[in-house]
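J.: Kindly generate the corresponding structure for this input.
(chains A and B)
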Amino acid sequence: MSISTNLWVWLAAFLTLTIYSFLYKDNIMYKFAEHLFVGASVGWSIAIIWHLTVFQYIIDPIKEAVLNKDVLGFILVLVPTIIGLMYFSRFSRSKGWIARWPIAVTMGYYTGISITPSIETNIFKQVEGTILTSFNPGSLGSWWALLLLVGVVTTLFYFFFSVKHAGFVGRTAKVGIWFVMIAFGASFGYTVMARVSLLIGRIQFLLHDWLGIIK
Amino acid sequence: MKFLTLFGILFLIIQGGSLYSEIVVEDVPNDAGEALMITWDLPDDVGNISMYRIYRLDPGAEDYILVGKVENPNVNVFVDHDPRYPLHAGTEFVYKIVPVDFSQNEVESLGTSLAVSPVAQLFNFNKVNSLIATLFVFAALIFFLNYAKTGKGLFIRKIAGLDALDEAVGRATEMGKPVLYVPGLSTMSDVATIASINILGPVAKKVAEYETKILVPNRDPIVYTIVHEVVKESYLEAGRPDAFDTDQVFFVSQQQFAFVAAVNGLMMREKPATNLFLGMFWAESLLMAETGNITGAIQIAGTDSVTQLPFFITACDYTLIGEELYAASAYLSRDPILVGSVKAQDLEKAIILFLMIACSIISLIAVLAFNTYAFNQVISAIFSF
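T.: The predicted structure is shown next:
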């Protein structure tokens, strides 16, 4: 057993244990770690945004545009900057309504930009992958492909909202939800395994890096 | 002397084959002018070549820069599209191809190309299928919106988790405890976040009507601003603008697990009677849902994240699975516009269903009866992009 002499390892071990103390109940040590974590992360985010966003995308390009007398470049940076600054109007009671303008721009932009990728990835790729393109009764892969098609079709039935789930539709939707639940079960097991490996990593840190009990 | 030189050149050409070839540089179509395709004639004797190095001369530069290599000596095509060495539309570039022998020595260049500039296209023809699908979606949407506006009732089936919402808010009112609403951890670019904000409106209105408190912690600053406005608006709609406390909606942290630590602490201290986790979630889903479970809150979750749904199903009382989250706002508000959009989505799903079954049958007939894969090529062309 060789306990670590590194101060940072001790600090990490202390914070790990304070966070784990939540498993017993909410306590002052957890509150301390929680506030430290939130405070440090917000401070870190501000520094990152200041250097990687404000400087990189606003101050530097504006400086460059002014130096090069590039009017178009200047406007292209200035307009989104002004739209972004409108968010700060929320601090004023009388001018708070101005914040709705950048909200509208943000909502419209993100809704529009997600249309094409959604169609390509969530529809085209999935449909292409589901369509049976060959079938060999002797091949297990073909039967899996058929099962996939049946699973997708019945699951889609479950997600029809304008039809009552009764009769044929209801029975098919019930088969679909079975497929969904089997898939969720597999996903659950897989993810739990990954989480257990994270726990092992943390215990390894405590017992190896900190306390030196295991090699 | 001149005779000897001429003889020497002729000898080299006969012995080693011609190392000089034509290098053609063409613009790669359907892009924003970010790529050029370089082709060259293969040397007669490629046996001594291990690879080709592709050099580029940028405008104003004195030296060529290495932009890539082709490691198969029989391949004579290279697409220059490396973000480390970006190309700019309208700027001319010159290329040279240098073969490398098996001792990694560069041999004589195959020559240089003419100066060519990449061209930006306004329209990407590879995405015509997306355009057709989008136009169809819009057409269906407009049709059902107009249909819904005529006042004819459009049916939407029961969604169990949403039926429990009234009960959940009522429970919080009876217990005198707040409702916790987490609108996911993603940004506004996520459809699940937009759906969650659509649901938050009617929920906040209900909370305001019941004179209960709602707590909405946020991870993304933009989402926070929008959520704040939505909750404020809902209190106004409910006729209770005075009851809106601006601190009910708050920003926590952009760091995923710092956010989780804060929300978990909040759940243990404030003991909300109802927890609503609606939106996009990642690894934090179980951490939050499990803590909520420990506090004894009634929990309704909803996400389109397939990997997180199992955790919500395990730890929550009701879960909106995938598209149920999108349909939820229409179900809650019964707004003709939202109901019409759900109808349009159902029509699109029916068409996708038909396409998958029909294409599978036709494809199987084509393969089994006529032994041709031509139809599969057509399917691939339609759905690929």
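
J.: Can you name the residues of the stretch 1-150 of chain B that neighbour chain A?
T.: Within the stretch 1-150 of chain B, the positions near chain A by C-beta under 8 Å from any C-beta of the partner chain are B:127, B:129, B:130, B:133, B:134, B:137. (Each C-beta comes from the backbone N, C-alpha and C, glycine too.)

J.: Tell me which of those residues fall in helices.
T.: Under the assignment DSSP state H, the residues of the stretch 1-150 of chain B next to chain A contribute B:129, B:130, B:133, B:134, B:137 to helices.

J.: Surely the last one and residue B:348 touch.
T.: Just to be clear, that refers to residue B:137. Yes: using C-beta atoms under 8 Å, residue B:137 is in contact with residue B:348, at 6.3 Å.

J.: Pull up the gap between residue A:114 and residue B:229, please.
T.: Distance, residue A:114 to residue B:229, by C-beta to C-beta, to the nearest Å: 21 Å.

J.: ok, those two, which is more surrounded?
T.: Using other C-beta atoms under 10 Å in any protein chain shown, the more surrounded residue of residue A:114 and residue B:229 is residue B:229, with 18 against 15.

J.: Looks to me like that one is in a strand.
T.: No: read with DSSP: H, G, I helix; E, B strand; the rest coil, residue B:229 is helix and lies in no strand.

J.: who's in contact with it?
T.: A:99, A:100, A:103 (C-beta atoms under 8 Å, 6 or more residues apart in numbering or on different chains).

J.: pLDDT weak spots in chain B?
T.: B:1-21, B:153, B:371-373, B:375, B:384-385 (pLDDT under 70).

J.: Excluding residues flanking it in the chain, which one is nearest the closest residue to chain A within the stretch 151-300 of chain B?
T.: Nearest to chain A in the stretch 151-300 of chain B, going by C-beta to the nearest C-beta, is residue B:255, at a distance of 3.3 Å. Excluding the flanking residues, the one nearest residue B:255 by C-beta to C-beta, 6 or more residues apart in numbering or on different chains is residue A:41, at 3.3 Å.

J.: Same question for residue B:149.
T.: Per C-beta to C-beta, 6+ apart, closest to residue B:149 is residue B:336, 5.5 Å.

J.: Counting neighbours, what do you get for that neighbour?
T.: Neighbours around residue B:336, by other C-beta under 10 Å: 20.

J.: go on, residue B:232?
T.: By other C-beta under 10 Å, 17 other residues sit near residue B:232.

J.: surely the residue nearest to residue B:149 meets residue B:146?
T.: No: with contact defined as C-beta under 8 Å, residue B:336 does not count as touching residue B:146 (9.6 Å).

J.: For the closest residue to residue B:315 other than its chain neighbours, what is the enclosing helix or strand?
T.: Nearest non-adjacent residue to residue B:315, counting by C-beta to C-beta, 6+ apart: residue B:289, 3.6 Å away. Residue B:289 belongs to helix B:284-295 when assigned by DSSP states H and E.

J.: After the helix ranked longest in chain B, which helix or strand is next?
T.: In chain B, taking DSSP H as the definition, the longest helix is helix B:336-370. Note on helix B:336-370: by DSSP H and E, the next helix or strand toward the C-terminus is helix B:374-383.

J.: So which elements touch that next one?
T.: Contacts defined by 3 or more C-beta pairs under 8 Å, 6 or more residues apart in numbering or on different chains; DSSP states H and E place helix B:374-383 against helix A:125-130, helix B:336-370.

J.: Show residues contacting the first one.
T.: So that's helix A:125-130. A:148, A:149, A:152, B:352, B:355, B:356, B:379, B:380, B:383, B:384.

J.: Helices along chain B, start to end?
T.: B:2-16, B:128-149, B:160-175, B:191-209, B:221-237, B:256-270, B:284-295, B:309-315, B:323-333, B:336-370, B:374-383.

J.: Specify the angle between the fourth one and helix B:221-237 in degrees.
T.: Note on geometry: by axes from the mean of the first three to the mean of the last three C-alpha atoms, to 10 degrees, helix B:191-209 and helix B:221-237 are set 30 degrees apart in direction.

J.: CA-only coordinates of helix B:191-209 in CSV, if you can.
T.: The C-alpha coordinates for helix B:191-209 follow below in CSV (Å, rounded to 0.1, in the frame of the first residue of the first chain):
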residue,chain,number,x,y,z
VAL,B,191,-36.0,18.9,-32.7
ALA,B,192,-36.6,17.4,-29.3
THR,B,193,-35.8,20.7,-27.6
ILE,B,194,-38.3,22.6,-29.9
ALA,B,195,-40.9,19.9,-29.1
SER,B,196,-40.2,20.2,-25.4
ILE,B,197,-40.7,24.0,-25.5
ASN,B,198,-44.0,23.5,-27.3
ILE,B,199,-45.1,21.3,-24.5
LEU,B,200,-43.8,23.6,-21.8
GLY,B,201,-46.3,26.3,-22.9
PRO,B,202,-49.5,24.4,-22.0
VAL,B,203,-47.8,22.9,-18.9
ALA,B,204,-46.7,26.3,-17.5
LYS,B,205,-50.2,27.6,-18.3
LYS,B,206,-51.8,24.8,-16.3
VAL,B,207,-49.3,25.4,-13.5
ALA,B,208,-50.2,29.1,-13.4
GLU,B,209,-53.9,28.3,-13.4
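
J.: could you give the angle of that helix to helix B:160-175?
T.: Using the same axes, to 10 degrees: helix B:191-209 against helix B:160-175 is 40 degrees.

J.: Which secondary structure elements does helix B:191-209 sit against?
T.: helix A:100-113, helix B:160-175, strand B:179-182, strand B:214-218, helix B:221-237, strand B:274-278, strand B:298-303, helix B:323-333.

J.: can those go into CSV with extra columns for distance to residue A:53?
T.: Listed next are those as CSV, based on distance: least, C-beta to C-beta, whole Å:
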stretch, distance to residue A:53
helix A:100-113, 15
helix B:160-175, 38
strand B:179-182, 25
strand B:214-218, 18
helix B:221-237, 11
strand B:274-278, 28
strand B:298-303, 28
helix B:323-333, 30
